[in-house]
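K.L.:
Predicted model follows, preceded by the sequence.
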Amino acid sequence: MKAYWDSSALVEAAQNPAVRRALRKAGGITRPHALAEIFSTLTAGRLGYRCEAEDATRIAQDLAADLEFVELDANETLQALSACREHGVRGGLVHDFLHAQAAAKARAPRIFTLNESDFRHLRLTLEIGRPPGTSEIKPA
């Protein structure tokens, strides 16, 4: 089964050829909203560089070619929001929680992310890990 890729893992795939090859080979699953998150990250300058909108769009299109998309409808989103307290979700962590709910909907066995600690706080049954091709040491 294909893994679910959150936007941090997809941004890493855009920058790291080994991670990009892994995504291209195995494919992946994500939410359409991840494309907006990728665009935001690439154009905001938080990575030490800032992409132009056209370049960020091209990168998102390239990544999208190797992804399947799953979306939560309004009822599924509201059900997830009502489960937030049970999973210790507050504030911005809701975005990771919605990624996790989409991964569960797609029956993905694992979530690839660079933000492992955020997902581990969610008390999930899914496996959480870094995408293939990344080092186990997080950058400072």
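P.N.:
Nice, thanks for sending it over.

K.L.:
can you give me the strands in this structure?
P.N.:
4-5, 28-30, 67-69, 110-112, 127-129 (DSSP state E).

K.L.:
Turn those into TSV, columns for mean neighbour count and distance to Y49.
P.N.:
From N, CA and C alone the C-beta is placed, and that goes for glycine too. Shown next, in TSV, are the strands of the chain (neighbours: other Cβ atoms under 10 Å; distance: least, Cβ to Cβ, whole Å):
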stretch	mean neighbour count	distance to Y49
strand 4-5	30	22
strand 28-30	25	23
strand 67-69	16	24
strand 110-112	24	23
strand 127-129	16	27
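
K.L.:
closest one to A36 among the ones you listed?
P.N.:
strand 28-30 (11.3 Å; Cβ to Cβ).

K.L.:
coming back round to it: kindly reformat the strands of the chain as JSON lines and extend each row with distance to R21 and mean pLDDT.
P.N.:
Below are the strands of the chain laid out as JSON lines (distance: least, Cβ to Cβ, whole Å; pLDDT from 0 to 100):
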{"stretch": "strand 4-5", "distance to R21": "14", "mean pLDDT": "98"}
{"stretch": "strand 28-30", "distance to R21": "13", "mean pLDDT": "98"}
{"stretch": "strand 67-69", "distance to R21": "15", "mean pLDDT": "98"}
{"stretch": "strand 110-112", "distance to R21": "14", "mean pLDDT": "95"}
{"stretch": "strand 127-129", "distance to R21": "17", "mean pLDDT": "92"}
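
K.L.:
who touches the nearest residue to L63 once chain neighbours are set aside in this structure?
P.N.:
Nearest non-adjacent residue to L63, counting by Cβ to Cβ, 6 or more residues apart in numbering: L10, 5.4 Å away. Contact partners of L10, counting by Cβ atoms under 8 Å, 6 or more residues apart in numbering, are 23, 30, 34, 38, 63.
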